[in-house]
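> model the following, please.
(chains A and B)
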Amino acid sequence: MDRWFLIAATALAAIGGGWGMVSVHRGQRSRVTVVWMLFVLVCQFGFLSLRGQVRGSCPLHDPGEILAYLAWAVTIFYLVVGSAYRLSLLGVFSAPLVVVLQLGALGFVAVEAPPHRIPETSAFHALHSSAAVLAYGALGLAAISGVMFLTLNHQLKEQVLRSGLFRNMPPAHSLLVSLERMLWVGTGLLTLGVLAGVFMGPAEHSPGHFFAAIAVWTAYVGLLVFKTFRGMTGRKLALASVAIFVVSLLLFFSV
Amino acid sequence: MELFCLGLNHRTAPVEVREKFAVGTPRLGQASADLVELAGAAEVVIVSTCNRTEYYLAAPDAGQALEILERRLLEREKLDGATSSHFYRKTKADAAVHLCRVVSGLDSMMLGETEIFGQVKQAYHAAHAAGTTGGILNRLFQRAFGVGKKVRTETSIQEGATSVGNVAVDLAEKIFGHLKDSQVMILGAGEMCRITAQSLVSRGARSIFVTNRSFDRAVELATEMGGTAVKFDDWEQVLEKVDVVISSTGAPHALILREHVEKVRRARKYRPLFFIDIAVPRDIHPAVAEIEEVYLYDIDKLEHLANEGRARRQLQIEHCDQIIRDELGKLNLPGLGG
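This next block holds a predicted model:
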């Protein structure tokens, strides 16, 4: 049953994203993507709550659950930030990421089904896992804003201004503001996750995982410090946020 | 009772003729009342803007009333018969279609402009308040406003910028969003700079710095814009804080070079900088555009974008006319028969 919720969420995100892309291609703003994403969120809740009940803990115990949780975090941050008029196009860019993450989750879930019950874990462990994945939701959305900014920036610099995508894009300034806010929120949650990781003790995590977390945290904090005190171009900020997000995802799944 | 319209506009009459017939907004109601007497018509609405003056009337015999109105208007303005060649005359259904086209911006100098809708509405309200409208013109104008709204919502007749100034403003909004927090520097105090800066101010830009080789002219333009005049030698310091630069100085060579912008990047914390170069020869060296956070648009590109916008609107005309025909066809408006 849990799988069906995830399949439904993936299908809904694919339809919402596809519909949005077609609308944008026609030069119109998609007003329904946000509604589709709301349904996606409901299905994601269904999946995560069923898995949570079976596990008897926060459903973050296999890569599939982590990816599904991450997709949920991206969706919820999009609904908080992107449903505003100027950033509504964020949904069109978020939906494909949600689809990719959930397709990955479906692959893993297929292997992991049915999930086994988890013996009691410490509160720090639960806090570490949930804060870290929520952080990745925000950082994922920052990366999506970064991709949108890079697309718009390229169009403005090269003076290619005819496409429906250009007409529907939010202003470059709004994208950078959204990107930076998401970086602050994500880095804050990541800090919480790392601190919880420190307190949960060495028995509950591998050293590789711990050092990877510290490296990623340092990269994001460094980026924000650099941006705040020295300043940097929108393009560099966007590129850095996309690069750190992708590299850190790969890093965590390899350790 | 028949509907008719007598008018002249920017296409049929030069400004020296148009100004003779222009009616100021506060006088529209009284002028409509005067015309009822002058033309012996039952209903009158006068629409008067900088580009047109049109008289919409309802009278028992449109042909006869048109003749009387035209003759008396020329007599009143002490003009000879040759001036009548500047008038256009529309009767019955043609007059209704014409009004709908005017309200929809299809007859405007800038195709699809929206200001005319409000101007016609104001003219109608003035006539209505003066008691010069009745069953025919009331229904016609109400219908025309409905059609005008439908044309604007169902077509893209008002989309896209069609002038250099508006293209520049649209681009500035695409970069900075709301312009109320944007600071603008104007290099040169010529007409093109003034028009472009006015477009930015009309969309919210507040902080304007004007610099010019002749400081007096900079002060003049700054006063007009509600901005600050800056000595020409100090423009590099202002570059540090502004977001948009409009340049049209008439200098024989590029004035803003890459090194000028490179010098202020750090102080600006690498914020986006939008250059609008409307000078020929260009004031801003093309190498400036290679800087990451710089967006540089010259007059050719802006003109090209404005032309594209105009062409896109032209393509919409047929669709708009079809909507007007369909909408007028749905109603059996009085005064259009025969």
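> wait, is A:Val160 part of a strand?
No. A:Val160: not assigned to a strand; according to DSSP: H, G, I helix; E, B strand; the rest coil it is coil.
> these two touch, right, it and A:Leu152?
No. At 10.6 Å, A:Val160 does not count as touching A:Leu152 under the criterion of CB atoms under 8 Å. The C-beta positions use only the backbone N, C-alpha and C, and glycine is treated the same way.
> of these two, who's got more company?
Legend: neighbour count by other CB atoms under 10 Å in any protein chain shown for A:Val160 and A:Leu152, higher for A:Leu152 (22 against 10).
> which residues touch the more buried one?
A:Phe166, A:Met169, A:Ala172, A:Leu175, B:Lys174 (CB atoms under 8 Å, 6 or more residues apart in numbering or on different chains).
> that older thread, okay, and the common contacts of A:Val160 and A:Leu152?
A:Phe166.
> if we can go back for a sec, redo the contacts of A:Leu152 as a markdown table? Include pLDDT, neighbour count and secondary structure.
As requested, those are exported to a markdown table (pLDDT from 0 to 100; neighbours: other CB atoms under 10 Å in any protein chain shown; DSSP: H, G, I helix; E, B strand; the rest coil):
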| residue | pLDDT | neighbour count | secondary structure |
| --- | --- | --- | --- |
| A:Phe166 | 87 | 16 | helix |
| A:Met169 | 87 | 22 | coil |
| A:Ala172 | 95 | 25 | helix |
| A:Leu175 | 93 | 28 | helix |
| B:Lys174 | 94 | 21 | helix |
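> pull the distance from the helix or strand harbouring A:Glu65 to the chain's centre.
Using DSSP states H and E, A:Glu65 falls within helix A:63-81. In terms of CA atoms, centre = their mean, to the nearest Å, the centre of helix A:63-81 is found 5 Å from the chain centre.
> mind listing what's buried along that helix?
Within helix A:63-81, the residues that count as buried by 16 or more other CB atoms under 10 Å in any protein chain shown are A:63-79, A:81.
> packing partners of that helix?
helix A:2-25, helix A:33-55, helix A:90-112, helix A:123-158, helix A:172-199 (3 or more CB pairs under 8 Å, 6 or more residues apart in numbering or on different chains; DSSP states H and E).
> if you set the cut-off to 7 Å instead, what comes out?
helix A:33-55, helix A:90-112, helix A:123-158, helix A:172-199 (3 or more CB pairs under 7 Å, 6 or more residues apart in numbering or on different chains; DSSP states H and E).
> ok, residues contacting it?
A:6, A:37-38, A:40-41, A:44, A:47-48, A:51, A:59-60, A:87, A:90-91, A:94, A:97-98, A:101-102, A:104-105, A:108-109, A:112, A:133-134, A:136-138, A:140-141, A:178, A:182, A:253 (CB atoms under 7 Å, 6 or more residues apart in numbering or on different chains).
> what residue spans form the domains of the chain?
All of this is about chain A. Domain segmentation of chain A under automatic domain parsing yields A:1-117, A:121-255.
> that's the other chain; I wanted chain B
Chain B breaks down into these domains under automatic domain parsing: B:2-157+B:316-330, B:164-307.
> of all those domains, which lies closest to chain A?
domain B:164-307 (2.7 Å; CB to the nearest CB).
> how far is the closest one from where the chain is centred?
23 Å.
> now do the end-to-end distance for that domain.
Its start and end residues considered, domain B:164-307 measures 9 Å (CA to CA, to the nearest Å).
> quick one on the thing from earlier: between the domains of chain B, which one is nearest to A:Thr10?
Closest to A:Thr10 of the domains of chain B is domain B:164-307 (CB to CB; 33.3 Å).
> so what's the residue count around the nearest residue to A:Phe77 once chain neighbours are set aside?
Of all residues not flanking A:Phe77 in the chain, A:Leu141 sits nearest, at 4.5 Å (CB to CB, 6 or more residues apart in numbering or on different chains). Neighbourhood size, A:Leu141 [other CB under 10 Å]: 32.
> who's in contact with whichever residue of chain A sits closest to chain B?
Of the residues in chain A, the one nearest chain B is A:Gly231, at a distance of 2.7 Å by CB to the nearest CB. By CB under 7 Å, 6+ apart, the contact list for A:Gly231 reads B:Lys269, B:Tyr270.
> for it, helix, strand, or coil?
Using three-state DSSP, the structure places A:Gly231 in coil.
> how much space between it and B:Lys269?
3 Å (CB to CB, to the nearest Å).
> check B:Leu38 too.
Separation of B:Leu38 from B:Lys269 (CB to CB) stands at 67 Å.
> between these two, which is the more surrounded one?
B:Leu38 (17 against 14).
> skipping adjacent residues, who's closest to that one in space?
Closest to B:Leu38 by CB to CB, 6+ apart is B:Arg72, at 5.1 Å.
> so the one you found is in which element?
helix B:62-76.
> by contact count, what packs against that helix?
The criterion is 3+ CB pairs under 7 Å, 6+ apart, and the helices and strands that helix B:62-76 contacts are strand B:2-9, helix B:28-39, strand B:52-59.
> could you redo the last one with a cut-off of 10 Å?
strand B:2-9, helix B:15-21, helix B:28-39, strand B:52-59, strand B:88-91 (3 or more CB pairs under 10 Å, 6 or more residues apart in numbering or on different chains; DSSP states H and E).
> report the angle between it and strand B:2-9.
40 degrees (axes from the mean of the first three to the mean of the last three CA atoms, to 10 degrees).
> okay, buried residues for helix B:62-76 please.
B:Ala62, B:Ala65, B:Leu66, B:Ile68, B:Leu69, B:Glu70, B:Leu73, B:Leu74.
> is it true that the second one touches B:Tyr56?
Yep, that's B:Ala65 we're talking about. No. Under the criterion of CB atoms under 10 Å, B:Ala65 makes no contact with B:Tyr56, lying 11.7 Å away.
> spit out the residues that contact those two alike.
Common contacts of B:Ala65 and B:Tyr56, defined by CB atoms under 10 Å, 6 or more residues apart in numbering or on different chains, comprise B:Phe4, B:Leu6, B:Ala41.
> which pLDDT value goes with the second one?
At B:Leu6, the predicted lDDT confidence score is 94.
> and it, what does it touch?
B:21, B:39, B:53-57, B:65-67, B:69-70, B:73, B:84, B:87-91, B:95 are the contacts of B:Leu6 under CB under 10 Å, 6+ apart.
> hmm, which of those residues are the buried ones?
Buried among the contacts of B:Leu6 (16+ other CB under 10 Å): B:21, B:39, B:53-57, B:65-66, B:69-70, B:73, B:87, B:89-91, B:95.
> the lowest-mean-pLDDT helix or strand in chain A vs chain B: in contact?
Least confident element among the helices and strands of chain A, by mean pLDDT, DSSP states H and E: helix A:90-112 (a mean of 80). No. Residues of helix A:90-112 contacting chain B under CB under 10 Å from any CB of the partner chain: none, with a closest distance of 14.7 Å.
> hey, C-alpha coordinates of that helix in PDB?
In PDB, the C-alpha atoms belonging to helix A:90-112 read as follows (Å, rounded to 0.1, in the frame of the first residue of the first chain):
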ATOM      1  CA  LEU A  90       9.400  27.200  -9.100                       C
ATOM      2  CA  GLY A  91       6.800  24.400  -9.100                       C
ATOM      3  CA  VAL A  92       7.600  23.600 -12.800                       C
ATOM      4  CA  PHE A  93      11.300  23.300 -11.800                       C
ATOM      5  CA  SER A  94      10.700  21.500  -8.500                       C
ATOM      6  CA  ALA A  95       8.400  18.800  -9.900                       C
ATOM      7  CA  PRO A  96      11.000  17.100 -12.100                       C
ATOM      8  CA  LEU A  97      13.400  16.900  -9.000                       C
ATOM      9  CA  VAL A  98      10.500  15.400  -7.000                       C
ATOM     10  CA  VAL A  99       9.900  12.900  -9.700                       C
ATOM     11  CA  VAL A 100      13.500  11.900 -10.000                       C
ATOM     12  CA  LEU A 101      13.900  11.500  -6.200                       C
ATOM     13  CA  GLN A 102      10.700   9.400  -5.900                       C
ATOM     14  CA  LEU A 103      11.600   7.200  -8.900                       C
ATOM     15  CA  GLY A 104      14.900   6.500  -7.100                       C
ATOM     16  CA  ALA A 105      12.900   5.900  -3.900                       C
ATOM     17  CA  LEU A 106      10.600   3.500  -5.700                       C
ATOM     18  CA  GLY A 107      13.600   1.500  -6.900                       C
ATOM     19  CA  PHE A 108      14.900   1.300  -3.300                       C
ATOM     20  CA  VAL A 109      11.600   0.700  -1.700                       C
ATOM     21  CA  ALA A 110      11.000  -2.200  -4.000                       C
ATOM     22  CA  VAL A 111      14.100  -3.800  -2.600                       C
ATOM     23  CA  GLU A 112      13.300  -2.900   1.000                       C
END
